[in-house]
Each structure stands twice: as C-alpha cells, then as structure tokens.
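[1] With the sequence up front, the predicted model follows.
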Amino acid sequence: MKDNRPVNLDIGSMRLPITAWASITHRITGVILFVAMGFLIWGLDMSLRSADSFAFLAEVLTSPLAKLVFLGIAAALIYHSLAGVKHLVMDFGIGESMEGGTLAARLVIVATIVLTVLMGVWIW
Amino acid sequence: MVTSVTSFGRSGLSDWLLQRVSGVILLAYFLFILAAVAGGVDYASWRALFDQVWVKVFSLMALLSLAAHAWIGLWSVLTDYLTERLMGTTGNVLRISLQLLISLALFIYVVWGVQILWGY
C-alpha cells in the first residue's frame, strides 16, 4: 500500500450536496441498525421462547413508545435497504452520472418517507 | 496510516463483494419476515414457521451475513472518523477498542441467534 495516498478533505468546510447527505445517512442508519439488532434479536427470542413470552412481547408492542422505537428502527432499515439497492444499481453502471446520483438520492429519500408513513399507518 | 489489519476479509475487494452479497441476503430475509408477519401471526403459527429447517438455515444465513455486513460497514465508518490523522494516538486506541466491542457484540448476536433457533 502506498504511503502517499490522498487523505480526506475537511468536509466540515463544504456545503454538502444531496448525494453526500444520502451517503452520511446510509452510514448513520447502518450504525443505528447495528444497535437495533440487539432489540430485534431480543424480540425474536421473546417471540419463540414460549407462548407466555410471545404474549408479553405482543403486550409490550402495544405501547406508543415501543411503536415509536419500532417505527424508528423500521425507518432506518427502509432507508438503509433502499440506499443499498441504489449502490447495487450503480455497481451495474446505471446512474453513475452527477444527475443520476442526485436523482437516485432524491428517489431513495422520497421512497423512504412514503414507506415509513405506510409502516406507521400499519402498526397504529 | 490506517492499514487493513482489522478489516473483515483483509482485502478491500473481498470486503466490497461480501458487503453486497450479505446485504442482498439480509434484504431477502427482512422481506421474508415482513411477508410472514404481514397477515398477522399467533404463537403457534410463528413457532411452526421457525420449526422448519429451511427457516432456521435462512435465519442463520442472515445472522452470519449481519455479522460480516456490520463488521465491514462499521470498519469503514471507524477507519474514516477515528484516525491517527484526526485525533492522534487517541484515534487508534478508540478505534481498536470500539472494533473489539463491536466484534464482541456481533459474536453475541450470532450465538444468541443460534440459541434461539435451535435451543427452544
């Protein structure tokens, strides 16, 4: 590995374009999901351990706070998934232009909002 | 300089491919779970679903994909922001410590998941 590789520029000094916001959000939702997996695996545990623990989990999930946390995790998962699919599409050489990247970033953000609202309607 | 000593596959190209393959597996798994709960489940039907061998195998596949995917993703994040260049030796200490904690957490996720899938 070369020692003289370029280092990151100081991103704090720049106005970030929408593609950069899409990228940093992909990272933030990834970190959130890493933590959230602890809750989801706990949920899987409760759902399969016994009929009693299943009922307990169902009871917990009726509280507004639990629904809000669940919706937050779902929103992160939806965004992260769509942004991931965007990456896969771009890996195939589709939409790699500046306009394509901007459009794809906008599509991912709009689709996330729509799907998250639908998810919210479904769980409430 | 940040070397590749703590990356998942010790190769950028390997990590790049594995990140995509594991991502597709995880997406497929979450869509499967969504489809399974969409119509509503009770304990008996949910348990019957997870009693099937292929569901256990698919779940384990998703767990292992999660471990690799989170390792690679969080490695990318940590090696970008917690670096010697940005914060001196503290960056190295913080980054390595967090990577150890993350790998421990992922190990627990996998073992916990296996316990749920085959232990009940």
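    Here it is on my side, so go on.

[2] What residue, apart from its backbone neighbours, is nearest residue 83 spatially?
    I went with chain A, as the question did not name one. Distances taken as Cβ to Cβ, 6 or more residues apart in numbering or on different chains put A:His26 closest to A:Ala83, at 4.2 Å, once the chain neighbours are dropped. From N, CA and C alone the C-beta is placed, and that goes for glycine too.

[3] You answered for a different chain; I wanted chain B.
    B:Thr83's closest residue in space is B:Gly91 (Cβ to Cβ, 6+ apart), at 4.7 Å.

[4] where's that neighbour relative to A:Ile24, distance?
    19 Å (Cβ to Cβ, to the nearest Å).

[5] ok, the two, which is more surrounded?
    Higher neighbour count among B:Gly91 and A:Ile24: B:Gly91, with 18 against 12, using other Cβ atoms under 10 Å in any protein chain shown.

[6] List the residues that contact the more buried one.
    Residues near B:Gly91 by Cβ atoms under 8 Å, 6 or more residues apart in numbering or on different chains: B:82-85.

[7] Most neighbours of all those, which one?
    Busiest of the contacts of B:Gly91 [other Cβ under 10 Å] is B:Leu82, holding 20 neighbours.

[8] these two touch, right, that residue and B:Leu98?
    Yes. At 7.0 Å, B:Leu82 and B:Leu98 qualify as touching, with contact defined as Cβ atoms under 8 Å.

[9] Okay, and which of the contacts of B:Gly91 map to helices?
    Cross-referencing these against helices under DSSP state H gives B:84-85.

[10] closest to B:Trp112 among the contacts of B:Gly91?
    B:Leu82 (26.9 Å; Cβ to Cβ).
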